[in-house]
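1. Okay, structure incoming, though there's no sequence with it:
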């Protein structure tokens, strides 16, 4: 079974309103994105709110298209493009936040996309990519507060949260922060280590 | 608290009836909305979202069936209208049906013969009576005056400002009208109003501001005072969006003031 199929099976069995920490080997990064998109957007018919502080949304969109993933139900909260002074695409599917330090504005964009989805009678799943990237720009105290507010707010909306952590870049302190707010942890190993999903 | 309908909420004995603003975050902060009949000072420096938020307050009122009035002192209402059209919940029939009315204060001054640089106490009586009459005739339940600071420029003295706001608040409250007085202050201002009088008389103060944190500029909102309800006094960050004003708590870990 492929890594994305194994991850997909785990995601499919998640209860509503749960928060999941995904500790990912960097080599399995795109397998995880594929699994998230296929399970939540296609199988569960949810709008995927993808917070990116790692790669610009334009790069992620290109990668998703290369992987032949359906992106109609994927909405980006892009917290990295503006700080990199990358070219900004005008799209209903991309909301830009000026900087990854503006954590409140990330929360506000998520709230906006939730309200927009509610109009279509659809719920959302929020994917945070990644805790490591946000930790470059924010201290752990404010990051912890941000996650606590976001996850609990999404729980009240019966929405799932997925917090990605790149295994190679994660300190114990960072893993403790996500462990505190998450109900479950999924560890995804890279192809070189057999691609196990635990 | 028992929700009866979108806009009519029954409160336990002793609690005042609320004017539900329709701005979800603000209603939560205010424990259900502004106590009906209150006169609220919505204050802040330029670009903080005062006019946008007060327009949203009126549009939600009109949508809920309450006649709503915007008195514009500085900007022509035709220009203001362009600001509310992007709202996804705005319906132009609110204006044609008379649920949402715009009046330009300079036209009122002209009609009342008040085209002068300084008002007397008699002029204040005349102006308040005229506003009260419009509120009564149009059965207005929500009123915004944007801005009260511009009216105060013509009052000059603290005594006249006090007299004007007290009179206005009393007149509107008696008619069950919930009022927002928009107040302009400079970013460095330590008071909530230009003259320091308005804030002492108003039933409520909502402070809007720009908070700079490590080079980022955040729009903030804080309810400083609101008579007739318990409320949060913490600072919130807001965003002006096509679905209306959205609010989230200001994160404290970053060392913001």
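-> Structure's in. What do you need? This structure is a prediction, so every number in the text was calculated from the model and none was measured. Residues are numbered from 1 along each chain as shown, chains lettered A, B, ... in the order given.

2. quick one: average pLDDT of the host helix or strand of residue B:151?
-> In this assignment (DSSP states H and E), residue B:151 forms part of helix B:148-152. Across helix B:148-152, pLDDT averages out at 91.

3. Name the surrounding residues that touch whichever helix or strand comes after that helix.
-> Stepping forward along the backbone from helix B:148-152, the first helix or strand reached (DSSP H and E) is helix B:158-174. By CB atoms under 8 Å, 6 or more residues apart in numbering or on different chains, the residues outside helix B:158-174 that reach it are B:37-39, B:119, B:121, B:124-125, B:127-129, B:131-132, B:135, B:143, B:148, B:151-152, B:155, B:179, B:181, B:195-198, B:201-203. Heads up, the C-betas are built off the backbone N, CA and C, glycines and all.

4. Swap in 6 Å and give it another go.
-> Residues from elsewhere that reach helix B:158-174, judged by CB atoms under 6 Å, 6 or more residues apart in numbering or on different chains: B:37, B:39, B:124, B:128, B:132, B:152, B:155, B:179, B:195, B:197-198, B:201.

5. in it, what counts as buried?
-> Neighbour-count burial for helix B:158-174, counted by 16 or more other CB atoms under 10 Å in any protein chain shown, picks out B:160-165, B:167-169, B:171-173.

6. now do stretch B:81-89
-> B:81, B:84, B:87.

7. which residue sits closest to the residue in the stretch 1-150 of chain B that chain A sits nearest to, ignoring its sequence neighbours?
-> For the stretch 1-150 of chain B and chain A, the shortest gap (CB to the nearest CB) falls at residue B:88, measuring 8.0 Å. Leaving aside its chain neighbours, residue B:88 sits nearest to residue B:242 (4.9 Å; criterion: CB to CB, 6 or more residues apart in numbering or on different chains).

8. What about the residue in chain A that chain B sits nearest to, how many residues nearby?
-> When scored by CB to the nearest CB, chain A has residue A:142 as its residue closest to chain B, at 3.2 Å. By other CB atoms under 10 Å in any protein chain shown, 21 other residues sit near residue A:142.

9. what's the burial count for residue 57?
-> With no chain named, the answer covers chain A. Counted with other CB under 10 Å, residue A:57 comes out at 26.

10. Chain B is the one I meant
-> 28.

11. Next, the contact list for it, please.
-> The contact partners of residue B:57, by CB under 6 Å, 6+ apart, come to residue B:21.

12. Am I right that it falls within a helix?
-> Yes - assignment of residue B:57 by DSSP: H, G, I helix; E, B strand; the rest coil places it within a helix.

13. can you give me the strands in the chain?
-> You didn't pick a chain, so chain A it is. A:19-24, A:47-52, A:74-78, A:94-96, A:124-129, A:160-166, A:184-188 (DSSP state E).

14. Can you look at chain B instead?
-> Counting by DSSP E, the strands of chain B are B:2-3, B:9-10, B:18-19, B:34-35, B:39-44, B:67-72, B:100-104, B:140-146, B:178-184, B:204-213, B:216-226, B:235-241, B:244-249.

15. For those, which has the smallest mean pLDDT value?
-> strand B:2-3 (a mean of 38).

16. residue nearest the centroid of the chain?
-> Chain wasn't specified; assuming chain A. Nearest to the mean C-alpha position of chain A, by CA atoms, centre = their mean, lies residue A:127 at 1.9 Å.

17. The chain in question should be chain B.
-> Nearest to the geometric centre of chain B sits residue B:180, at 2.3 Å (CA atoms, centre = their mean).

18. From residue B:106, how far out is that one?
-> 20 Å (CB to CB, to the nearest Å).

19. before we move on, the earlier item: of the contacts of helix B:158-174 - the most surrounded one?
-> So for the contacts of helix B:158-174 (other CB under 10 Å), the most neighbours sit at residue B:179, 30 neighbours.

20. Dump the strands of chain B into a markdown table; add distance to chain A as well.
-> Output for the strands of chain B, formatted as a markdown table (distance: least, CB to the nearest CB, whole Å):
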| stretch | distance to chain A |
| --- | --- |
| strand B:2-3 | 17 |
| strand B:9-10 | 20 |
| strand B:18-19 | 22 |
| strand B:34-35 | 22 |
| strand B:39-44 | 17 |
| strand B:67-72 | 22 |
| strand B:100-104 | 22 |
| strand B:140-146 | 23 |
| strand B:178-184 | 23 |
| strand B:204-213 | 8 |
| strand B:216-226 | 5 |
| strand B:235-241 | 4 |
| strand B:244-249 | 4 |
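
21. quick one: which of these is nearest residue A:93?
-> strand B:235-241 (15.6 Å; CB to CB).

22. which outside residues touch that closest one?
-> Taking CB under 6 Å, 6+ apart as the rule, strand B:235-241 contacts A:104, A:108, A:112, B:49, B:52, B:218-222, B:245-250.

23. returning to that earlier point: out of the strands of chain B, nearest to residue A:153?
-> Residue A:153 lies closest, by CB to CB, to one member of those: strand B:244-249, at 8.1 Å.

24. Walk me through which strands that closest one pairs with, and which way each runs.
-> strand B:235-241 (antiparallel) (DSSP bridges).

25. how far does the strand it pairs with sit from the chain's center?
-> Strand B:235-241 sits 16 Å away from the centroid of its parent chain (CA atoms, centre = their mean, to the nearest Å).

26. biggest separation within the contacts of strand B:235-241, which pair?
-> Greatest spatial distance in the contacts of strand B:235-241: A:112 and B:222, 21.4 Å, computed using CB to CB.

27. Which one of the two is surrounded by more residues?
-> residue A:112 (20 against 17).

28. I'd like the distance between that one and residue B:44.
-> 22 Å.

29. next one: residue A:120
-> Residue A:120 is 34 Å from residue B:44, by CB to CB.

30. For chain A, which residues are neighbours of chain B?
-> A:99, A:101-104, A:107-108, A:111-112, A:115, A:141-142, A:145-146 (CB under 6 Å from any CB of the partner chain).

31. are any of those buried, and which?
-> For the residues of chain A next to chain B, a burial check counting by 16+ other CB under 10 Å picks out A:99, A:101-104, A:107-108, A:111-112, A:115, A:142, A:145-146.

32. okay if I get those residues as CSV plus pLDDT?
-> Converted to CSV, those look like this (pLDDT from 0 to 100):
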residue, pLDDT
A:99, 94
A:101, 95
A:102, 96
A:103, 97
A:104, 97
A:107, 98
A:108, 98
A:111, 97
A:112, 97
A:115, 95
A:142, 95
A:145, 96
A:146, 97
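
33. Relative to residue B:68, which of these is nearest.
-> The closest of these, once distances to residue B:68 are taken by CB to CB, is residue A:115, at 22.5 Å.

34. In terms of secondary structure, what does the lowest-mean-pLDDT helix or strand in chain A contact?
-> Counting by mean pLDDT, DSSP states H and E, chain A has its least confident helix or strand at helix A:3-12, which shows a mean of 90. In terms of contacts (3 or more CB pairs under 6 Å, 6 or more residues apart in numbering or on different chains; DSSP states H and E), helix A:3-12 is packed against helix A:29-36.
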